[in-house]
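Colleague: Next come a sequence and a model predicted from it.
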4 protein chains.
Amino acid sequence: MLTAQAQGVCVICPTPFLPDGTLDERSAASMTEAYVAAGATGLTILGIMGEAPKLDAEESLRLVRIVLKHAAGLPVIVGVSAPGYAPMRALARGSMDAGAAGVMIAPPMGLRGDEAIISWMQGASEAVAPAPWCLQDFPQLTNVLMTAKMIATLAKADPRLVMLKAEDWPGLDKISALVSMMKAGEMPRIAIYGGNGGQYLPEETLRGADGMMTGYAFPEMLVRVRNLLLDGKRDEAMDAFEAHLPLIRTELQPGLGLAVRKYILARRGIIAHPTVRAPGPKLSDATRAEVDYQLARLARRDPTALKLAAE
Amino acid sequence: MLTAQAQGVCVICPTPFLPDGTLDERSAASMTEAYVAAGATGLTILGIMGEAPKLDAEESLRLVRIVLKHAAGLPVIVGVSAPGYAPMRALARGSMDAGAAGVMIAPPMGLRGDEAIISWMQGASEAVAPAPWCLQDFPQLTNVLMTAKMIATLAKADPRLVMLKAEDWPGLDKISALVSMMKAGEMPRIAIYGGNGGQYLPEETLRGADGMMTGYAFPEMLVRVRNLLLDGKRDEAMDAFEAHLPLIRTELQPGLGLAVRKYILARRGIIAHPTVRAPGPKLSDATRAEVDYQLARLARRDPTALKLAAE
Amino acid sequence: MLTAQAQGVCVICPTPFLPDGTLDERSAASMTEAYVAAGATGLTILGIMGEAPKLDAEESLRLVRIVLKHAAGLPVIVGVSAPGYAPMRALARGSMDAGAAGVMIAPPMGLRGDEAIISWMQGASEAVAPAPWCLQDFPQLTNVLMTAKMIATLAKADPRLVMLKAEDWPGLDKISALVSMMKAGEMPRIAIYGGNGGQYLPEETLRGADGMMTGYAFPEMLVRVRNLLLDGKRDEAMDAFEAHLPLIRTELQPGLGLAVRKYILARRGIIAHPTVRAPGPKLSDATRAEVDYQLARLARRDPTALKLAAE
Amino acid sequence: MLTAQAQGVCVICPTPFLPDGTLDERSAASMTEAYVAAGATGLTILGIMGEAPKLDAEESLRLVRIVLKHAAGLPVIVGVSAPGYAPMRALARGSMDAGAAGVMIAPPMGLRGDEAIISWMQGASEAVAPAPWCLQDFPQLTNVLMTAKMIATLAKADPRLVMLKAEDWPGLDKISALVSMMKAGEMPRIAIYGGNGGQYLPEETLRGADGMMTGYAFPEMLVRVRNLLLDGKRDEAMDAFEAHLPLIRTELQPGLGLAVRKYILARRGIIAHPTVRAPGPKLSDATRAEVDYQLARLARRDPTALKLAAE
């Protein structure tokens, strides 16, 4: 079960598809195993990057079961965000019954007003009860703003809210504000995970984030840099991080980024096909060449990317 | 099957709930029968006003079957709009298998760019194949703008696009532009239905709309005013229409309007409970009193509302 | 000077242009005089309907001076809304120096978060100091939500906030909430004016609004219906109101509505030309014919519109 | 005069303020001189990063004159974007009379529909005539999407459209599409400048951009990396670029980024004060410490940043 004591690297999993657009069950299994091997301490599926709205109810649950089967006991969080409560309830129940550790919820697009937002989230929490849940705070996509105070209000009233995926942008001062409120006993402890593709991994960690929850195609780097930072080796961590930053930047492009990420995962052999389900972006030859160039550069600088150079 | 020759009044059905929020199957049946008796030539369910995103997949199909059973052979259109194609495909298949006449599709919120919009809609049409479909053009909600030319482009390429629910606001000149293109043979005939709660019923009809598709709580009025207009009795039609305009205006309020509509339908005995599924607005005493006052006024002016006065 | 004791009908003035798009100073004068004659107790210029963003700084001040000169001592409120404080400050100073009674401020589009909104409005108030000001709450355009509680917070901290133009939609319960807070002494008195083109004039008045601030082309009707309501003649008021509702509905169309309003004002002889400054909508022949038909109907029912029938 | 043959690095200038929020004229002069010394081939002022909406008309023209006086003959582009044409016309005339080389125009927020967008931009071009102009394509802020085809349509009809500030994100394939249309003679040549804070400087340059127009606090790096890329030294360019990427990433944060940039410019001595005009973000101590750490790292790796290390 997901708890507020969680820490580490929780990898956001894409949903692998075969070239004809059907669910690639074999890649779902191999991807899960690769992430376990990379040092993940948890997995998140059916998030925004998981193309969740493109799956029907049956496919969603099928993916949940495959990932759970291969996760080697790691906690698996299932994104259940939807504009209404009933589909969230249905997917949450199915997932928890199958063995998920918790669910993740983002507010629906365009919700406005502090009170309305808090009230909507509380209803959402009831809908997924008794699952513990992670709040996804991602205003650049949802256009829903939640202040640190609002998150504290939610956490105080709801012991099942145990985790925050912190993706406000800019968001570092919000992490600091939450950490400070927890230290002062002004809100219960929740686990704060950084996101945003890993772009602020060093700062998020040093501000007090308990972990990272993102889908960057080299999760080993997230693990390693986090450990270096926790060991006080900031310069070394930054060296390792900066080697990956050009690629992180390339993966962060809205829409296109997922296609880039799947292309890299396919090149790494973690999934079999880079297919994004329609409607979705396709990589141009120029983009692929740019990614290939960056992978080659990376392979010269980071041993975790070494295998790529050989290909 | 839905065809481009459709005309008349296609009533947008709300989804009735019991006070505890579960589907009110008995009211779904009685509402369907009431609309048939009111002179509807078709029914639309699971539209935006049908609280579709608040239902899970099983509930949606359950509602489809009940309405179909009581529709006395009228064509039933099922709203299948969703951010992704797979849930649309699943609901379209289930609905058509159950006997629906077609499906209705609105573009997902925030889609931008003429080409991207056209391409998304074409993919949506493929997803629901072989169902005939109705395009819901409702930019004030979806924030997606489709010009008359874009609609013509879609219709030319896709014989299954047979109907338009025209809800752009302002939108009368768009209806005229489409009618004129059809007359000039520049696009295939599609059935144009006005919407917007009936607020522009006279103008839409006189601009050449083939019917009305809206959920105003007195569909008999829509039928009667349309017939008067088609018989050339514009002044008489306006008299009948204006008596209802204060109530139409009250039902049109975003969000709150659905609660008003359900309150009136419950007062009319068409559904048993005015329940809106959470999260949703609640009527204040003041609002209920305002609606009651208007219903009383209406009962004095319009025989179709007579029964209400007796209550 | 604008005070919290204001009441009556404050007419929102359009900005009249000559056919070549330059400011029509003569019409600005005649329009002002016509509104005074119609029973207005105040005037508002350079609001959203006043095409304010289409004027440059010099033109704005020129209009202010003309209207002030012809307003026969009525208080004139000047809309100064802008994305930044400096242009607001400049226009507010120029207007107050010229003799305006106060200014009107709407929050800039897309502002989010209760605290951020309150803080922005407080900065805006400082920028226009020492002018008294009217808060325009128009979320369907600004996409900024302000609850009754937030408005009370602003009013408590700022004695220069003396008026609210209440245009949230739906917004009647918000008016009731504010009235109730004032009665309970939970916030200082501010004058609440209804808006929304007059569409909810009866309900707003009966909920306790102190006045109407809108630009409907027949302000005499607003005056008369308000007086009937205040005299307790609700049915008579509704009769008078309903005769105008079809036209109110036509004027309310986003974008197009202003062109309709100017067309009617020109037909009434209140302004010389229906010109909307580019970029702006143009009325089609069909729309003009619809408006003419409604004006003819209105002239048969409402003596205030009688002169039109003769034309 | 701005021409379609422009190339190089055109620095986006912030607007410097004194701690009390008034225009810092001395810093405006020193900043201009610093950018000239850094190798800029042009300057852009009053862009989105220039806090343009926070200035009144008089302040805007004052800044224009100061920058022009110190620009050593470099072409200066003045951002004139506004929701209406009249303020654009006024600022464009004032700026061109003062000696500006051209103006920059972004479409107003939320404009929708390919035809409406094209038509609005054509009206804007007429409003600033006879100035040559640069189109700012920045959909993540304006929410206005322009395809390569739409930009080509604008360029074909308007010889005064000579430059594109390409900030769509992702936007590299759009640059390629435009370059390819120019090569094929399908549209007239316009100068394409990359933007986005420099985040894709290498890719934009290699895709065929003619220059960079961005406000990154180390414009010397933009000049150097661009030259290395044009000399075919891609790996060397990437080394130089990657040393700056952590800082570029930090400056790119919406809202906060400008405060970061001004902080760095103040630390470099390019402006005297890091003041952002209210309402604007303030840097926390933690953010300042993060930036200081990155500046120290940078000073160890890039000679252009050497002076910083000594401080």
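Modeller: On my side now, so go ahead.
Colleague: Is residue A:104 in a helix, a strand, or coil?
Modeller: Recorded secondary structure, residue A:104: strand (DSSP: H, G, I helix; E, B strand; the rest coil).
Colleague: tally of neighbours for it?
Modeller: Using other CB atoms under 10 Å in any protein chain shown, residue A:104 has 25 neighbouring residues. Where C-beta positions appear, they are placed from N, C-alpha and C, glycine not excepted.
Colleague: how much space between it and residue A:163?
Modeller: Residue A:104 is 8 Å from residue A:163, where distance means CB to CB, to the nearest Å.
Colleague: what do those two both touch?
Modeller: Counting by CB atoms under 8 Å, 6 or more residues apart in numbering or on different chains, the residues touching both residue A:104 and residue A:163 are A:77, A:133, A:134, A:135.
Colleague: Without its sequence neighbours, what residue ends up closest to the second one?
Modeller: Closest residue in space to residue A:133, ignoring its immediate chain neighbours: residue A:103 at 5.0 Å, by CB to CB, 6 or more residues apart in numbering or on different chains.
Colleague: ok, whatever residue of the stretch 1-150 of chain A ends up closest to chain D - contacts?
Modeller: The nearest approach of the stretch 1-150 of chain A to chain D comes at residue A:140, 7.8 Å away (CB to the nearest CB). Residues near residue A:140 by CB under 8 Å, 6+ apart: A:167, A:168, A:169, D:254.
Colleague: which of the residues you listed count as buried?
Modeller: A:167, A:168, A:169 (16 or more other CB atoms under 10 Å in any protein chain shown).
Colleague: Now the phi/psi pair for the residue of the stretch 201-311 of chain A found nearest chain C, please.
Modeller: Ranking the residues of the stretch 201-311 of chain A by distance to chain C (CB to the nearest CB) places residue A:254 first, at 17.9 Å. As for residue A:254, its main-chain torsions (degrees, to the nearest 10) stand at phi -60, psi 130.
Colleague: Distance-wise, check the residue lying closest to it once chain neighbours are set aside relative to residue A:256.
Modeller: Nearest residue to residue A:254, sequence neighbours excluded (CB to CB, 6+ apart): residue D:169, at 6.6 Å. Noted for residue D:169: a distance of 9 Å to residue A:256, by CB to CB.
Colleague: repeat for residue A:227
Modeller: 31 Å.
Colleague: which of the residues in stretch A:202-215 are buried?
Modeller: Residues A:202-207, A:209-215 are the ones in stretch A:202-215 that count as buried (16+ other CB under 10 Å).
Colleague: From those, which land in helices?
Modeller: Counting by DSSP state H, the buried residues of stretch A:202-215 place A:202, A:203, A:204, A:205, A:206, A:207 in helices.
Colleague: mind listing what the fourth one touches?
Modeller: Taking CB under 8 Å, 6+ apart as the criterion, residue A:205 is in contact with A:194, A:212, A:225, A:226, A:229, A:230.
Colleague: Please apply the same query to the fifth one.
Modeller: With contacts defined as CB under 8 Å, 6+ apart, the neighbours of residue A:206 are A:229, A:234.
Colleague: I'd assumed residue A:135 was in contact with residue A:125.
Modeller: No. Here residue A:125 does not reach residue A:135: they are 9.2 Å apart, not a contact under CB atoms under 8 Å.
Colleague: where do the contact lists of these two overlap?
Modeller: A:105, A:161.
Colleague: And residue A:10, its phi and psi?
Modeller: For residue A:10, the backbone dihedrals (degrees, to the nearest 10) come out as phi -110, psi 110.
Colleague: before we move on, what about residue A:81?
Modeller: The phi/psi pair for residue A:81 (degrees, to the nearest 10) is phi -60, psi 140.
Colleague: count of neighbours near it?
Modeller: Neighbours of residue A:81 (other CB under 10 Å): 23.
Colleague: Up against chain C, what does the stretch 101-250 of chain A have?
Modeller: A:112, A:113, A:114, A:115, A:116, A:139, A:143, A:144, A:145, A:147 (CB under 8 Å from any CB of the partner chain).
Colleague: Which members of those occur in helices, if any?
Modeller: The members of those that map onto helices under DSSP H are A:114, A:115, A:116, A:139.
Colleague: and these, which are buried?
Modeller: A:114, A:139.
Colleague: Quickly check: the host helix or strand of residue A:266 near chain B or not.
Modeller: Assigned by DSSP states H and E, residue A:266 belongs to helix A:256-267. No. Helix A:256-267 does not reach chain B (CB under 8 Å from any CB); its nearest approach is 13.6 Å.
Colleague: Quick check, residue A:26 in contact with residue A:273.
Modeller: No. Residue A:26 is not in contact with residue A:273 according to CB under 8 Å; the separation is 10.3 Å.
Colleague: higher neighbour count, those two?
Modeller: For residue A:26 versus residue A:273, neighbours defined as other CB under 10 Å are more numerous around residue A:273 (16 against 13).
Colleague: which non-adjacent residue is nearest the more buried one?
Modeller: residue A:19 (5.5 Å).
Colleague: And for residue A:55?
Modeller: Using CB to CB, 6+ apart, the closest residue to residue A:55 is residue B:86 (5.4 Å).
Colleague: ok, now residue A:236?
Modeller: residue A:228 (5.2 Å).
Colleague: Roughly how far does that neighbour sit from residue D:293?
Modeller: 15 Å.
Colleague: and these two? which has more neighbours close in?
Modeller: Shown here are residue A:228 and residue D:293; by other CB under 10 Å, residue A:228 has more neighbours (20 against 17).
Colleague: before we move on, what SS does the more buried one have?
Modeller: Three-state call for residue A:228 (three-state DSSP): helix.
Colleague: Tell me which residues touch it, please.
Modeller: Residues near residue A:228 by CB under 8 Å, 6+ apart: A:234, A:236, A:237, A:240.
Colleague: which bits of the stretch 151-300 of chain A sit near chain B?
Modeller: Counting by CB under 8 Å from any CB, the stretch 151-300 of chain A sits next to chain B at A:277, A:278, A:279.
Colleague: from the buried residues of stretch A:202-215, which single one is nearest residue A:173?
Modeller: Closest approach to residue A:173 among the buried residues of stretch A:202-215 (CB to CB): residue A:207, at 8.4 Å.
Colleague: which ones are touching the closest one?
Modeller: By CB under 8 Å, 6+ apart, the contact set of residue A:207 is A:172, A:175, A:176, A:179, D:286.
Colleague: let's see 6 Å
Modeller: Listed by CB atoms under 6 Å, 6 or more residues apart in numbering or on different chains, the contact partners of residue A:207 are A:172, A:175, A:176.
Colleague: Just put those residues in a markdown table and tack on neighbour count, pLDDT and secondary structure.
Modeller: Supplementary listing: these in a markdown table, determined by neighbours: other CB atoms under 10 Å in any protein chain shown; pLDDT from 0 to 100; DSSP: H, G, I helix; E, B strand; the rest coil:
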| residue | neighbour count | pLDDT | secondary structure |
| --- | --- | --- | --- |
| A:172 | 24 | 98 | helix |
| A:175 | 25 | 98 | helix |
| A:176 | 20 | 98 | helix |
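Colleague: got a pLDDT number for residue A:208?
Modeller: Among the per-residue scores, residue A:208 holds a pLDDT of 98.
Colleague: brain fart, residue A:302
Modeller: Reported pLDDT for residue A:302: 79.
Colleague: The residue nearest to it when sequence neighbours are not counted: helix or strand, and which one exactly?
Modeller: Excluding the flanking residues, the one nearest residue A:302 by CB to CB, 6+ apart is residue A:243, at 5.0 Å. Residue A:243 is part of helix A:234-251 when elements are defined by DSSP H and E.
Colleague: That helix vs helix D:234-251, what angle?
Modeller: 90 degrees (axes from the mean of the first three to the mean of the last three CA atoms, to 10 degrees).
Colleague: quick one, what contacts the residue lying closest to residue A:35 once chain neighbours are set aside?
Modeller: Distances taken as CB to CB, 6+ apart put residue A:11 closest to residue A:35, at 4.6 Å, once the chain neighbours are dropped. The neighbours of residue A:11, taking CB under 6 Å, 6+ apart as the test, are A:35, A:40, A:43, A:219.
Colleague: Need the distance between the two termini of stretch A:67-85.
Modeller: 24 Å (CA to CA, to the nearest Å).
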